[in-house]
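*Asks:* For reference, the sequence and a predicted model appear below.
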Amino acid sequence: MAARDYYEVLGVKRSASEGDIKKAYRRLARKHHPDVNPGDKRAEERFKEVQEAYDILSDPEKRKTYDRYGFYREGQPGPEAGAHPGGGFQGFDFDLSGAGEASGGRGFADIFSDLFGGRKSRGEPRAGAPETGRDLEYHITIPFMQAIKGTEARINVTHREVCARCGGSGSVSGSRTHTCPNCGGKGQVQQAHGPMRFATPCPQCNGSGRIRVGDCPVCSGSGTVQKGEALTVRIPAGVNNGSRVRVPGKGDAGEYGGLPGDLYLVIHVQPHHFFEREGNDIVCRVPLTVTEAALGAKIEVPTVDGKASMKIPAGTQSGQKFRLRGRGAPSLKGGVPGDQIVEVRVVLPKIRDERSKEILREFARLNPEDPRAELKV
C-alpha cells in the first residue's frame, strides 16, 4: 500500500492507548472485511490497509520504531539500514495464526475469531479448548391458573447430542490422524497480496497440522447428532408472560469435551375470563346491587385461592377499589405475594312495576341532591 499515516488509517490520535487502537481496528476490520463486502475491491484494499496499520501499532517495538522514523519494515528498523520515511516497502510477513501472542499482543487469528467466528474443518481442534454448547429456547403456553399455582409441562425438544459412535471426535477411529498435505504439518500457509505476505492458519487442518482419517458415518464428522427428547419440566408458581425457566444441560452438546448448553422455556400465559394480572397483583371487577352499595354489605369474592369474604361500606361508589392483602400471585423470588384488587361496579335494577318506581320517587324527595352541581364548563 502507498505510504500513509498508520494513525490516520485507524482514525486514532498518536497518543492513543493500546485499547483505543484495538477498538478502532475491530470496528474497521468488521466494516471492511471481505466476508462482509463480497466482491468489493475498495473494501478489500481498505481492509489490507487496516491490517497493516494494526500490525505495526499493536506491537510496542514496531510502534516505537514507526513513531521514531515514520515507517517500519521487517529487518530494517531505521534509516541506518538504508531506509527513509516514505521509502518503498519490500514486503511484510503478517502472522494471522496467533504468533503475535509471543510478543504480548494478540494475533490476527484470535481477533478475527472474535469478530467473525472460526470455520470448522476436518482438522484437529487447534487449541483443543472445550466449548460450551449453544443455549436453546422453547416457547410454551399455559393457562392462567397454572401460571399462578405452578405446574409440570411435558415437552418434546430437538437438540444436538454427542455422537455415541465416535464420542464427539468426528472420526471413525476417534484419534487416528495424519499430516496435513496442504501445509505439510506446519499448520500455516503463506498467502501473497501484492508486496505483502500473510501467514494464515491452514484452512484444511484448522491450523493444527493434522487431518482426521475418515469421518464418522453417523455424524458425518461433526461430532454431534440431532435428536429429539421428551422432557418433563417443573414450572414454578408465579410465572408470568415472558418468564424464562432454565433447564440446565438440555441445550446443544458442547465441543471438544465442553459442557452442553441450557434450554430456556419462554412462558406465555393465556388470558383469564375474570382475573387480570398487574405484576404480582391480580385485578378483578365485581358487580354490586344499588342497595349493597348504598347500605353496605358483606359479599363473597372469587380469588385464585377460593372465595374470600369482603366488607362493602355504606355509600360505596361504582369504580371504587378494595384491596385483599396477600391474595395475589406468589413471588418467584420467594417474597411476599401480591394483593387482589377488587373494583366494584354498581348495577342498576330494571324497574318494571309502578310500586318500585314510586318508592324511588319518594327516595328522591327525601334525599334531594344534584350530583352535577359542581360541574363547570
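*Replies:* All right, it came through fine. Numbers count the residues shown, from 1 in each chain.
*Asks:* Where does Tyr66 sit: helix, strand or coil?
*Replies:* Following DSSP: H, G, I helix; E, B strand; the rest coil, Tyr66 is assigned to helix.
*Asks:* Touching, it and Ile56? I think so.
*Replies:* Yes - using Cβ atoms under 8 Å, Tyr66 is in contact with Ile56, at 5.3 Å. Yep, even glycine has a C-beta here, placed from its N, CA and C like the rest.
*Asks:* now stretch 18-35: mean pLDDT?
*Replies:* Taken as a whole, stretch 18-35 has a mean pLDDT of 85.
*Asks:* do the same with stretch 299-310
*Replies:* 96.
*Asks:* Contacts only, for Arg323.
*Replies:* Arg323 sits next to 339-342 when contact means Cβ atoms under 8 Å, 6 or more residues apart in numbering.
*Asks:* Make a PyMOL selection of whichever of the residues you listed turn out to be buried.
*Replies:* Selection of buried members from the contacts of Arg323 for PyMOL, criterion 16 or more other Cβ atoms under 10 Å:
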select buried, resi 339+340+341+342
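*Asks:* Ser171: neighbour count?
*Replies:* Neighbours of Ser171 under the rule other Cβ atoms under 10 Å: 22.
*Asks:* Verify the contact between it and Ser222 for me.
*Replies:* No - with contact defined as Cβ under 8 Å, Ser171 does not count as touching Ser222 (11.1 Å).
*Asks:* Nearest residue to Arg63 in space, please, no chain neighbours.
*Replies:* Once flanking residues are discounted, Arg63 sits nearest to Leu57: 5.1 Å by Cβ to Cβ, 6 or more residues apart in numbering.
*Asks:* can you tell me how far the one you found sits from Arg4?
*Replies:* Look at Leu57 and Arg4: by Cβ to Cβ, to the nearest Å, they are 12 Å apart.
*Asks:* about what we covered before: could the contacts of Arg323 be laid out in CSV, adding distance to Val239, pLDDT and secondary structure?
*Replies:* What follows is these, written out as CSV (distance: Cβ to Cβ, whole Å; pLDDT from 0 to 100; DSSP: H, G, I helix; E, B strand; the rest coil):
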residue, distance to Val239, pLDDT, secondary structure
Asp339, 18, 97, coil
Gln340, 18, 98, strand
Ile341, 20, 98, strand
Val342, 24, 98, strand
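*Asks:* Format the contacts of Arg323 as TSV; extra columns: distance to Thr291.
*Replies:* Formatted as TSV, the contacts of Arg323 follow (distance: Cβ to Cβ, whole Å):
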residue	distance to Thr291
Asp339	28
Gln340	24
Ile341	24
Val342	19
